[in-house]
Every structure is written in C-alpha cells, then in structure tokens.
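Q: no letters, just coordinates:
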C-alpha cells in the first residue's frame with residue numbers, strides 16, 4: 001500500500017493495482033483512478049505492466065510512484081520522478097517527468113536503479129518519497145527525497161534527480177563501527193517511513209535516521 005494506491009502480487013508474479021492513478025503510479029498506461037466503480041475491478045482490473053520476462057519478488061508503493069524487486073535482484077521504479085524517487089538520475093522535467101505515461105517505458109524497458117558496480121539488492125523498502133535498499137555486501141543505499149536526513153548521508157539533498165548521484169557516486173549509509181571488531185556495521189534489513197529510515201544490523205541492534213518527530217527514531 002502507498003499513500004493513495006494499493007497493489008497485490010499473485011504467486012505467478014502478476015501485479016494488479018488500484019486507487020489513485022496520479023502520476024501513472026498504477027503502471028497501466030493511465031493516470032485515471034481505479035476502483036471507484038465496481039466495473040473497474042474483478043476481471044476488468046488491468047494488470048500493471050511492470051514485468052514481461054522477469055518475475056517480481058516484492059513490490060512497494062510510495063507517494064505517486066512504485067518500485068519492485070525483480071528476480072535479477074535489481075530494483076526498478078515507475079511513476080513520478082519528483083525528488084529523484086525513481087533513482088534514474090534524470091531531472092523530473094518535461095518528457096522525463098513520469099515513467100509509465102508511455103507504455104513503451106514499462107515492462108522490460110524499465111531501467112534498474114543503479115546502486116553501484118556489480119551490486120545486487122537483497123531487500124528494499126519504499127515510503128512516501130524515498131527508498132532504501134539492502135545490498136549484497138550488507139550496505140544500505142537510499143535515494144529520493146533527502147529532507148530531514150532520511151537518506152542517511154549527513155545532508156538533506158535529494159538523490160536520484162540529477163546526473164552523477166547514483167551508482168558508485170551514491171554513498172552508503174554510515175552505520176558506525178563495531179567496537180569489538182573495528183569493522184563497519186553491516187545490516188540485514190531496512191525499512192522506511194515518512195522522512196525517516198531504520199535498519200536492523202547484523203548484531204540484531206536497530207539504528208534509525210531522519211526526522212525524530214514524535215520520537216519516531218526512538219532516541220528519547
């Protein structure tokens with residue numbers, strides 16, 4: 001579930017979505033709302049056109065966009081590119097404002113989020129306007145809106161909305177150093193919320209960053 005949209009993933013990797021279609025987030029080639037009328041649902045509910053030859057392992061919806069983890073362990077996103085939330089390093093202007101307003105952009109044409117040379121994704125999460133991915137090396141990288149430090153990069157900059165921000169240029173979240181081994185902490189799960197993120201580390205401790213509104217980071 002996202003802010004105003006919902007998706008269900010079947011066992012045979014068929015994805016169907018409903019709710020607000022703003023910014024083409026339902027990935028059916030339309031920005032129309034789906035589910036307001038009974039005729040929209042059931043057999044009339046069109047599948048999201050986000051995969052052809054690939055299977056989907058997980059799907060997350062945010063604000064006016066969605067992202068999925070595919071069977072090649074890469075994340076691909078569609079919908080609004082505002083604030084870099086699709087991670088494509090393309091400014092959200094003109095013809096590049098949305099991915100999915102043209103059916104030719106969907107399916108196997110979706111571009112994988114570049115998280116570094118030879119890096120693959122073990123698990124990821126998407127929230128309101130940012131995403132974080134747990135990589136195969138135990139590091140976490142985040143992209144999208146950086147307000148309140150939600151990307152864990154020591155600033156409030158957006159990442160993924162301009163060139164030179166993704167791939168090897170995108171720094172991993174610094175999770176600190178294990179005092180026992182002096183090695184950097186690695187993670188085994190990451191989750192995101194509105195303007196904050198949290199990780200479960202390899203030692204089962206939890207660290208959070210971003211907005212501490214209503215003590216959501218657990219810092220007292």
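A: Now that the structure is in, tell me what you want to look at. Keep in mind the model is a prediction, meaning the values are calculated, not measured.
Q: correct me, but residue 91 touches residue 162?
A: Yes: with contacts counted by C-beta atoms under 8 Å, residue 91 reaches residue 162, the gap being 6.1 Å. Heads up, the C-betas are built off the backbone N, CA and C, glycines and all.
Q: shaky segments in the chain?
A: 94-95 (pLDDT under 70).
Q: ok, which stretches of it are strands?
A: 5-9, 15-19, 56-61, 65-70, 75-80, 98-99, 121-126, 130-135, 140-144, 187-193, 196-201, 206-210 (DSSP state E).
Q: what's the angle from the second one to strand 5-9?
A: This points to strand 15-19. 160 degrees (axes from the mean of the first three to the mean of the last three C-alpha atoms, to 10 degrees).
Q: contacts for strand 15-19?
A: 2, 4-10, 25-28, 33-35, 40-41, 45-48, 50-51, 56, 59, 61, 66, 68 (C-beta atoms under 8 Å, 6 or more residues apart in numbering).
Q: contacting residues for the residue in the chain sticking out farthest from the centre?
A: Most distant residue from the mean C-alpha position of the chain: residue 180, 33.2 Å away (C-alpha atoms, centre = their mean). Shown in contact with residue 180 (C-beta under 8 Å, 6+ apart): no residues.
Q: residue 85 versus the residue nearest to residue 73 when sequence neighbours are not counted, what's the distance?
A: Excluding its sequence neighbours, the residue lying closest to residue 73 (C-beta to C-beta, 6 or more residues apart in numbering) is residue 120, at 3.8 Å. Distance check for residue 120 against residue 85: by C-beta to C-beta, to the nearest Å, it reads 21 Å.
Q: which parts of this structure are helices?
A: Counting by DSSP state H, the chain has no helices to list.
Q: contacts only, for residue 75.
A: 67-69, 87, 112-113, 115, 121, 124, 131, 133.
Q: switch the cut-off to 7 Å
A: By C-beta atoms under 7 Å, 6 or more residues apart in numbering, the contact list for residue 75 reads 67-69, 112-113, 121, 124, 133.
Q: same check on residue 103?
A: Per C-beta under 7 Å, 6+ apart, neighbours of residue 103: 29, 49.
Q: how near is it to residue 199?
A: 36 Å.
Q: what of residue 217?
A: For residue 217 relative to residue 199 (C-beta to C-beta), the value is 12 Å.
Q: give me the more crowded residue out of the two.
A: residue 199 (23 against 18; other C-beta atoms under 10 Å).
Q: identify the bridge partners of the more buried one.
A: Beta-bridge pairing of residue 199 under DSSP bridges involves residue 190, residue 207.
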